[in-house]
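> give me a 3D structure for the following:
(one chain, ligands or ions: 1)
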Amino acid sequence: MNKTGKLVILPGDGIGPEVMTEVRKLIGWLEDNGDIAFDVQEDCIGGAAIDKYGVPLGDETLEKCRKADAVLLGAVGGPQWDKVDYDIRPEAGLLKLRKELDLFANLRPAIVFDALVDASTLKPEIVKGLDILIVRELTGGVYFGEPRGIEDLPNGERRGFNTQTYTTSEIHRIGRVAFELARKRGGKVCSCEKANVMESGKLWREEMTTLHKDYADIELSHMYADNCAMQLLRDPKQFDVIVTDNLFGDILSDEASMLTGSLGMLPSASLGAPGAPGLYEPVHGSAPDIAGQGKANPLATILSFAMALRYSFDRSDIATHIEKSAQSLLTKGLRTADVMADGCREIPTTAMGDALINELQITMKEAA
Ligand code: NAD
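Residues are numbered from 1 along each chain as shown. Take a look at the predicted model:
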């Protein structure tokens with residue numbers, strides 16, 4: 001069989017290797033039971049790479065990632081590397097990977113599974129059925145803008161400053177990602193900025209409006225980012241795709257993910273130019289407090305792999321089956337400790353991976 005594509009797996013640290021074992025099991029099952037075959041390579045990142053190569057992302061590892069269609073990452077970091085130099089800390093490996101692959105679009109879905117509706121801190125009627133996607137610009141804006149720094153003023157005060165900057169092309173390329181994604185979803189894009197007080201926000205709004213001419217089939221609305229923060233709590237189901245800059249996206253995507261109430265369930269994708277490798281990773285960190293105890297929820301990483309199938313391997317069919325399978329095993333009451341509820345059965349990481357495969361077998365048979 002022709003290979004579906006090249007996948008690089010970087011398990012990382014803490015619970016990373018544990019949850020990634022479950023993804024490898026799933027890939028093995030898919031290869032044995034579906035029309036899919038991957039060229040998989042595995043390597044180290046983060047603390048594991050510091051221990052092996054002396055740096056959090058080795059040059060050879062980066063080269064492998066560049067040549068791949070998709071990179072699936074677990075998580076990096078842990079207390080054992082807290083004292084290493086700032087430049088080679090585990091997180092520096094992840095930041096370097098994102099930068100080198102020029103991943104300018106960060107996709108964070110916030111989906112509330114029916115079975116977990118009570119895990120949200122919001123009322124069930126507000127979040128039931130929620131399915132929104134935040135598209136955050138990841139390589140520009142105030143986190144990277146120049147000039148930046150801290151300076152001493154003649155009056156003895158100190159002054160800290162950063163620069164928010166966006167160009168037409170930066171706005172258009174993230175806007176296109178949002179419009180294209182909306183076309184495959186609910187057909188709505190809400191663009192968020194602070195055009196009322198920031199010139200960069202005014203430009204953002206104008207350029208999104210110009211770009212919209214290429215996407216007349218999509219409904220475009222504009223919202224100030226502070227209002228969006230409120231609307232996400234008041235009536236989150238009004239949104240389909242939200243597109244916003246790096247700073248507002250950082251905040252709004254964290255807020256939106258917490259509407260779901262379960263860190264162990266949240267996938268993410270970061271995409272670059274068409275044809276370039278995408279990076280897929282769970283939103284959670286390396287969870288050193290539970291590492292090695294078989295308590296980690298592997299679903300965020302499994303759902304990140306599903307996003308890779310959809311966005312890098314053009315296999316939305318299998319991605320949808322995996323998402324449905326996760327939904328139905330939760331409905332049957334199978335839970336890892338982080339999403340445990342009354343009347344459910346607590347199972348360890350490996351059993352959750354097995355349960356996903358069992359459900360997938362049923363889901364795929366029903367769809368055939
Ligand atoms: P964390 O996400 O690792 O953990 C926060 C809490 O959520 C912990 O109680 C943890 O047990 C729980 N949790 C997280 N993922 C879970 C899962 N899959 N299943 C069950 N429970 C889960 O965040 P933290 O504790 O702030 O950070 C721990 C380490 O991870 C730090 O070194 C931090 O720098 C790193 N980190 C890495 C990433 C990344 O690799 N993208 C992201 C965030 C934090």
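> what segments of the stretch 51-200 of the chain are strands?
Secondary structure of the stretch 51-200 of the chain, counting by DSSP state E, counting those that start in this stretch: strands at 70-75, 105-111, 131-137, 149-152, 158-161, 188-193.
> packing partners of the fifth one?
Going back to what we said before, that points to strand 158-161. Helices and strands touching strand 158-161, by 3 or more CB pairs under 8 Å, 6 or more residues apart in numbering; DSSP states H and E, are strand 149-152. Bear in mind the C-beta positions are built from the backbone N, C-alpha and C, glycine included.
> partner strands of the strand it packs on, parallel or antiparallel?
As defined by DSSP bridges, the strand partners of strand 149-152 come to strand 158-161 (antiparallel).
> wait, residue 175 sits on residue 243?
Yes: using CB atoms under 8 Å, residue 175 is in contact with residue 243, at 6.4 Å.
> anything in contact with each of those two?
191, 208 (CB atoms under 8 Å, 6 or more residues apart in numbering).
> which one of these two has more residues nearby?
residue 243 (28 against 25; other CB atoms under 10 Å).
> can you classify the most centrally placed residue in the chain as helix, strand or coil?
Nearest residue to the geometric centre of the chain (CA atoms, centre = their mean): residue 268, 1.3 Å. Secondary structure, DSSP: H, G, I helix; E, B strand; the rest coil: residue 268 is strand.
> close to the ligand: what parts of the stretch 201-350 of the chain are there?
263-264, 281, 284-290, 296-297, 300, 338 (CB under 6 Å from any ligand atom).
> scan those and report the most crowded one.
Busiest of those [other CB under 10 Å] is residue 296, holding 31 neighbours.
> hmm, residue 164 is touching residue 147, no?
No: when contacts are counted by CB under 8 Å, residue 164 is not listed as touching residue 147 (11.8 Å).
> who's more crowded, those two?
residue 164 (19 against 8).
> now do the residue of the stretch 1-150 of the chain found nearest the ligand against residue 14, distance only.
Closest residue of the stretch 1-150 of the chain to the ligand, CB to the nearest ligand atom: residue 77 (2.6 Å). Going from residue 77 to residue 14 by CB to CB, to the nearest Å gives 7 Å.
> neighbour count: these two, which is higher?
Neighbours were counted for residue 77 and for residue 14 using other CB under 10 Å; residue 14 has more, 29 against 23.
> got the contact list for the more buried one?
74-75, 77-78, 285-288, 291.
> read off the pLDDT value for it.
What the model reports as pLDDT for residue 14 is 98.
> hang on, it in a strand?
No: counting by three-state DSSP, residue 14 falls outside a strand, being coil.
> the closest residue to it other than its chain neighbours: what secondary structure?
Counting by CB to CB, 6 or more residues apart in numbering, residue 14 lies nearest to residue 286, which is 2.7 Å off, once chain neighbours are set aside. Under three-state DSSP, the three-state class of residue 286 is coil.
> residue ranges of the helices in the stretch 151-300 of the chain, please?
Applying DSSP state H, counting those that start in this stretch to the stretch 151-300 of the chain gives helices spanning 168-183, 199-211, 225-234, 246-258, 299-311.
> how near is residue 201 to the ligand?
Shown here: residue 201 relative to the ligand, a distance of 28 Å by CB to the nearest ligand atom, to the nearest Å.
> surely that residue is in contact with residue 194?
Yes: with contact defined as CB under 8 Å, residue 201 counts as touching residue 194 (4.3 Å).
> now do the nearest residue to the residue of the stretch 1-150 of the chain closest to the ligand once chain neighbours are set aside, the pLDDT please.
Spatially, and ignoring its direct neighbours in sequence, residue 77 is nearest to residue 90 (4.5 Å; CB to CB, 6+ apart). Looking at residue 90, its pLDDT is 96.
> for residue 351, same thing?
Looking at residue 351, the pLDDT reads 98.
> that's a helix at it, yeah?
Yes: with three-state DSSP as the criterion, residue 351 is part of a helix.
> what's the burial count for the closest residue to it other than its chain neighbours?
Closest residue to residue 351 apart from its sequence neighbours, by CB to CB, 6+ apart: residue 334 at 7.7 Å. Number of residues near residue 334 (other CB under 10 Å) recorded here: 21.
> try residue 283
Neighbourhood size, residue 283 [other CB under 10 Å]: 20.
> before we move on, the earlier item: contacting residues for the residue of the stretch 1-150 of the chain closest to the ligand?
By CB under 8 Å, 6+ apart, the contact list for residue 77 reads 13-14, 46-47, 89-91, 285-286, 288.
> ok, residue 84 next?
Per CB under 8 Å, 6+ apart, neighbours of residue 84: 50, 90.
> any idea how far residue 77 is from it?
11 Å.
> now do the contacts for the closest residue to residue 228 other than its chain neighbours.
Closest residue to residue 228 apart from its sequence neighbours, by CB to CB, 6+ apart: residue 192 at 4.5 Å. Contact partners of residue 192, counting by CB under 8 Å, 6+ apart, are 222-225, 228, 242-244, 248, 252.
> ok, 6 Å please
Neighbour list for residue 192: 223, 225, 228, 244, 248 [criterion: CB atoms under 6 Å, 6 or more residues apart in numbering].
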